[in-house]
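Colleague: sharing a sequence plus its predicted fold:
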Amino acid sequence: MTPDEIWTRAGNVWNSAAQEITRLATAVDRAALVRCVEMLAACTGRICTMGCGTSAVAARKIAHSLCCIERPAFFLSPADAPHGALGSIQPGDIAILVSKGGGTTELLGLVPSLKMKKVTLIVVSENADSPLGRQCDLLMKVKVEREADRFDMLATTSTLAVIAVFDAVCITLMEHMGYTREKFAIIHPHGAVGERLTGGKK
């Protein structure tokens, strides 16, 4: 590829992502998003996120963002969960399972235990009729028209879309729960953000 072709291809990836994120305003189910915000606001336990592969990256981001707005959350490896780590999830908690196709074997194997523990299940998937989609308490359907690569295979744009949806959920939660700048300053005193929040004071 020539330098111009490389630059053009990179620009196509960005344009594809921008178009899909813009499309979320009409593609995401309004009632599901509202319900998701309400459920996370009402949760008196903790919020556990899980996913495999690229979905795990999105799940980790969701957990971190929730912690940043004082919604206690953590990422749990689906590989560790059935070997005792499921003990970190208790009745009243919410589990957010991220699976593009909705059939991730590692997550499916955990559903019976999660249901026995009376954990609320939120599934994030592009397939409402998937094995995970049929067993959850709330489905957050996030589906893009295509990925950014020429084979429409690599989880790129779809991952950004999932993160964008839950960025919207978290920002909305902040306002819904009256989360303040002062509260944020307590949990984020360091780094560039900490300096902005505290006016440069340590």
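Modeller: That came through, no problem. Everything quoted here is computed from the prediction, not taken from an experiment.
Colleague: as a check, name the ranges of all strands in the protein.
Modeller: Assigned by DSSP state E, the chain shows strands spanning 47-51, 73-75, 94-98, 120-125, 138-141.
Colleague: which of those sits most buried?
Modeller: strand 94-98 (a mean of 28; mean count of other Cβ atoms under 10 Å). Quick note: C-beta positions are derived from backbone N, CA and C, even for glycine.
Colleague: tell me the angle of that one relative to strand 120-125?
Modeller: With axes from the mean of the first three to the mean of the last three Cα atoms, to 10 degrees applied, the angle from strand 94-98 to strand 120-125 works out at 10 degrees.
Colleague: elements contacting strand 94-98?
Modeller: strand 47-51, helix 54-68, strand 120-125 (3 or more Cβ pairs under 8 Å, 6 or more residues apart in numbering; DSSP states H and E).
Colleague: setting aside sequence neighbours, what's the nearest residue to the residue most central in space within the chain?
Modeller: Most central in the chain under Cα atoms, centre = their mean is I62, positioned 4.0 Å from the mean C-alpha point. The shortest distance from I62 to any non-neighbouring residue, by Cβ to Cβ, 6 or more residues apart in numbering, is to F166 (4.6 Å).
Colleague: ok, now T172?
Modeller: T172 sits nearest to V37 (Cβ to Cβ, 6+ apart), 5.2 Å away.
Colleague: quick check: the gap between the one you found and V142.
Modeller: 15 Å (Cβ to Cβ, to the nearest Å).
Colleague: same deal with S88?
Modeller: From S88 to V142 the distance is 26 Å (Cβ to Cβ).
Colleague: what number of residues lie near G191?
Modeller: For G191, the count of nearby residues is 9 (other Cβ atoms under 10 Å).
Colleague: ok now stretch 41-60, how far from the chain's centre?
Modeller: 6 Å (Cα atoms, centre = their mean, to the nearest Å).
Colleague: average model confidence for it?
Modeller: In this model, stretch 41-60 has an average pLDDT of 97.
Colleague: tell me which residues of it come out buried.
Modeller: By 16 or more other Cβ atoms under 10 Å, the buried positions in stretch 41-60 come out as 43, 46-52, 54-60.
Colleague: check those and tell me the two furthest apart.
Modeller: Largest separation among these by Cβ to Cβ: C43 and T54, giving 25.8 Å.
Colleague: what residues of the longest helix along the chain count as buried?
Modeller: Longest helix in the chain, counting residues (DSSP state H): helix 3-27. The neighbour-count check on helix 3-27 (16+ other Cβ under 10 Å) flags 16-17, 20-21, 24 as buried.
Colleague: just the pLDDT for D29.
Modeller: Note on D29: pLDDT of 97.
Colleague: apologies, that question was intended for G191.
Modeller: pLDDT, the model's per-residue confidence, is 70 for G191.
Colleague: quick one: it from A185, how far?
Modeller: For G191, the distance to A185 equals 12 Å [Cβ to Cβ].
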